[in-house]
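>>> Quick one, fold the following:
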Amino acid sequence: MRVLLHICCAPDATTAYKRLSKVHEVVGYFFNPNIQPYREYEKRRNALEKLSRAWDFNVIYPDYDPEPWFRSIKGLEELPEGSMRCKACMAFRLKHTAESAKELNFDAFATSLTTSPHKDVEFINDIGAKIAKHVGVEYIPSIFRKKDGFLESVHDSRELGLYRQNYCGCIFSLRNDAD
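Residues are numbered from 1 along each chain as shown. Just a heads-up that it's a prediction; the model follows:
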């Protein structure tokens, strides 16, 4: 099965890619217009490029355009980390990934978001399934952090010298972390 893997960051991609590629043909998809400022986006993209070269897999990099993302979370900017703002953000990125998977003739899509211990995997898998049904492409549910998946990602990231960020990516979480 050909799978388009939404990748939020290189560290989380390590476990997700390793596990999925054992049984599927996987192509990465770095769609993260939520990442602010742009230099942070570049750091994360560069880390993923380093990983994809080291492990020899392809990644699609759609154009960076944060404006549609800002519209998708309008009115939620002041909410805290883990709130409806984050859910709207994840849904926006997964919907775009699903639409791209269908357009590019992939059989399914998945996300590396479930590698993080900070993400609501129940929500991610629920919204992924709903989007899949709406778009007409299969979603592969996951909890990549299970079976020491997060620790595995930390180990692989250190071994490869990958940049590990200290906030989710959006300017609102960065601002709230500074408060």
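>>> Quick one: residues in contact with the host helix or strand of residue 151.
Using DSSP states H and E, residue 151 sits within helix 149-160. Under the criterion Cβ atoms under 8 Å, 6 or more residues apart in numbering, residues 10-12, 14-15, 18-19, 50-51, 54, 115-117, 143-144, 162, 164 lie in contact with helix 149-160. Bear in mind the C-beta positions are built from the backbone N, C-alpha and C, glycine included.
>>> buried set for that helix?
For helix 149-160, the neighbour count (16 or more other Cβ atoms under 10 Å) marks 149, 150, 152, 153, 154, 156, 157 as buried.
>>> Retrieve the pLDDT associated with residue 38.
Looking at residue 38, its pLDDT reads 96.
>>> list the contacts for it?
Applying Cβ under 8 Å, 6+ apart, the residues contacting residue 38 are residue 64.
>>> Repeat the analysis, applying 10 Å as the threshold.
Contacts for residue 38 (Cβ atoms under 10 Å, 6 or more residues apart in numbering) come out as 64, 66.
>>> longest helix in this protein, by residue count?
In the chain, ranked by residue count with DSSP state H as the criterion, the top helix is helix 84-103.
>>> can you give me the offset of that one from its chain's centre?
In terms of Cα atoms, centre = their mean, to the nearest Å, the centre of helix 84-103 is set 9 Å apart from its chain centre.
>>> Okay, buried residues for it please.
In helix 84-103, the ones that count as buried by 16+ other Cβ under 10 Å are 85-102.
>>> next structured bit after that helix?
strand 108-111.
>>> And that next one, what does it pack against?
strand 2-6, helix 10-21, strand 25-29, helix 84-103, helix 121-135, strand 138-139 (3 or more Cβ pairs under 10 Å, 6 or more residues apart in numbering; DSSP states H and E).
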